[in-house]
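>>> Provided below are the primary sequence and the corresponding predicted coordinates.
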Amino acid sequence: MNIQVVTEASWIDVVISSEIPVVVEFWAPGSVPCRMIEPVIDDLAKEYAGKILCCRVSTDDSPNIATQYGIGTVPTFLFFKNGARKESVIAAVPKSTLTATIDKYI
């Protein structure tokens with residue numbers, strides 16, 4: 001699997017310290033939109049392997065991270081480069097929206 005599950009314990013090591021850009025999907029297990037977008041994220045992780053790191057954070061399991069970044073809707077995608085939050089995309093959007101955002105940071 002090309003997508004890394006991130007928790008509060010691994011957030012700094014995986015996301016903030018990453019040497020390559022990171023796309024973080026904040027999701028919740030009961031969310032239908034999150035389940036709908038899952039295959040898109042899986043495709044992006046394969047297509048951009050080695051260029052970006054794709055991660056998932058469960059808002060149920062890691063509520064402090066979600067609160068820290070003001071996550072109120074799932075799915076929400078945050079884009080990080082050099083440890084800094086660069087951009088966010090909210091909701092289950094078309095793949096082209098996510099690829100256009102990723103392409104800005106690689």
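Received the coordinates, thanks. No experiment lies behind these values; they were computed from the predicted model shown.
>>> give the contact list for the spatially most central residue of the chain.
Central residue of the chain (Cα atoms, centre = their mean): Val24, 1.5 Å from the mean position. By Cβ atoms under 8 Å, 6 or more residues apart in numbering, the contact set of Val24 is 6, 15, 55-57, 77-80. C-betas here are computed from N, CA, C, even on glycine.
>>> one more time with 7 Å, if that's ok
Shown in contact with Val24 (Cβ atoms under 7 Å, 6 or more residues apart in numbering): 6, 15, 55, 57, 77-78, 80.
>>> Where does it fall, secondary structure wise?
Per DSSP states H and E: Val24 is located in strand 22-27.
>>> Can you give the distance from the helix or strand that that strand is followed by to the centre of its chain?
Going down the chain from strand 22-27, the next helix or strand is helix 32-47, by DSSP H and E. Taking the mean of its C-alpha atoms, helix 32-47 sits 10 Å from the chain's own mean (Cα atoms, centre = their mean, to the nearest Å).
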